[in-house]
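Asker: no FASTA, just this:
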């Protein structure tokens, strides 16, 4: 059984309003300065590019599009402006308009060598999007340094471990060319890591090689809507395998449905439900698992958003025996710290989650459990160097308090990884 979800993150609640308030003032000032420069120099492509970049960063897509189109009416043979327009249309998913602008920019013949390389690269990407098949493969190598602290009565001593890992992730999206932009998606993920763990919380933990793999096929369907920007339902089937120490393995085959709604351009609501068969797993009492989640994300500005979610998980045997459960709530904040026209960006996400967990005692028989609470904190940073290279930095803390104190655990650490993406 998965003891604790791993994608949860810490933040200081009292500091958020101050951060948001200061950020709003700074972005409003930057937007106004860029707008003023644009007005004072209507024919200057550099001021145009700067305004479009800031308008996009702050979520002012309509303003960015109208500004670039007005400029091109007056200066139709401004090749750099055409390239900016192509970049912008690609960003909002208008691929035919993007391709038209890029090809026009190339045909004018006044782009610099660097601009020509960018135009040709963007042209290939847009053409691929228009073909209806898009996807990418990413390779990740990383390491986590983790300090694990156990209760004084535990059989395991406190320790610090260096845990290297490698991961490959790939996805392919086939557009069905429907008005609601329906698509079929295939995702594949594999991971191998060398780490310390105590799978059954028995005090017999050790260092081992853990492997994980997952294959999922999904049908993403647009739904009829009334007064809502977007309604979608994604249904999928999947299979996964996770191996741990002492020949422990979780084999999972399941179905999942995820519903998303966008009441406005700045808000997203979601809910999903899943059922998984785990009866072929090794050293695990659970035969099937039911999952549910609901939450939402609200964009405060073009660079800042907050989110909240509630998750639950319930495990049973096919004989009707209750095995365990986990209920968790999460609050998160995400922000864009740096964004440059050359592709460099720095984003971060901080959140805090807490919940109640009831775990099976794998040393006895199904139905015997112990329970407690947990909370987790995490701060993730992603440095997008360009479209292919990314560096991730993570700090985290997690705490598990159970009614059997000898099984209490706390760990904290830092992780660093590098990802290369083939598109």
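Answerer: Happy to help now that I have it. Predicted, not measured: the structure shown is a model, and the values here were computed from it.

Asker: which SSE is residue 180 in?
Answerer: Under the criterion DSSP states H and E, no helix or strand holds residue 180.

Asker: if I look at it, how far off is residue 230?
Answerer: Going from residue 180 to residue 230 by Cβ to Cβ, to the nearest Å gives 9 Å. Quick note: C-beta positions are derived from backbone N, CA and C, even for glycine.

Asker: Can you pull the residues that touch both of the two?
Answerer: residue 222 (Cβ atoms under 8 Å, 6 or more residues apart in numbering).

Asker: For the stretch 151-300 of the chain, which residues score under the pLDDT cut-off?
Answerer: Along the stretch 151-300 of the chain, segments meeting pLDDT under 70 span 199-204, 225-229.

Asker: mind listing the strands in it by residue range?
Answerer: Applying DSSP state E, counting those that start in this stretch to the stretch 151-300 of the chain gives strands spanning 159-175, 183-197, 206-222, 230-243, 249-264, 267-277, 288-301.

Asker: cool, the stretch 301-423 of the chain as well?
Answerer: 304-316, 322-339, 345-360, 369-384, 389-402, 409-422.

Asker: Dump these to a markdown table, plus mean neighbour count.
Answerer: What follows is the strands of the stretch 301-423 of the chain, written out as a markdown table (neighbours: other Cβ atoms under 10 Å):
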| stretch | mean neighbour count |
| --- | --- |
| strand 304-316 | 18 |
| strand 322-339 | 18 |
| strand 345-360 | 19 |
| strand 369-384 | 18 |
| strand 389-402 | 17 |
| strand 409-422 | 16 |
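
Asker: Among the ones you listed, single out whichever gets nearest to residue 215.
Answerer: When those are compared by Cβ to Cβ, strand 409-422 sits nearest residue 215, at 18.8 Å.

Asker: what mean pLDDT would you report for that closest one?
Answerer: Per-region confidence: strand 409-422 scores 95 on mean pLDDT.

Asker: could the strands of the stretch 301-423 of the chain be laid out in TSV, adding distance to residue 101?
Answerer: Listed next are the strands of the stretch 301-423 of the chain as TSV, based on distance: least, Cβ to Cβ, whole Å:
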stretch	distance to residue 101
strand 304-316	29
strand 322-339	22
strand 345-360	23
strand 369-384	24
strand 389-402	27
strand 409-422	25
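
Asker: what about the closest residue to residue 198 other than its chain neighbours, how many neighbours?
Answerer: Nearest residue to residue 198, sequence neighbours excluded (Cβ to Cβ, 6 or more residues apart in numbering): residue 205, at 3.0 Å. By other Cβ atoms under 10 Å, 21 other residues sit near residue 205.

Asker: distance of residue 205 from residue 245?
Answerer: On the measure of Cβ to Cβ, residue 205 and residue 245 end up 7 Å apart.

Asker: Retrieve the pLDDT associated with the residue located most distally from the centre of the chain.
Answerer: When each C-alpha in the chain is compared with the mean C-alpha position (Cα atoms, centre = their mean), residue 74 comes out farthest, at 41.0 Å. Residue 74 carries a pLDDT value of 80.

Asker: wait, doesn't residue 82 sit right on residue 100?
Answerer: No. With contact defined as Cβ atoms under 8 Å, residue 82 does not count as touching residue 100 (9.1 Å).

Asker: of these two, who's got more company?
Answerer: Per other Cβ under 10 Å, whichever of residue 82 and residue 100 has more neighbours is residue 82, with 27 against 16.
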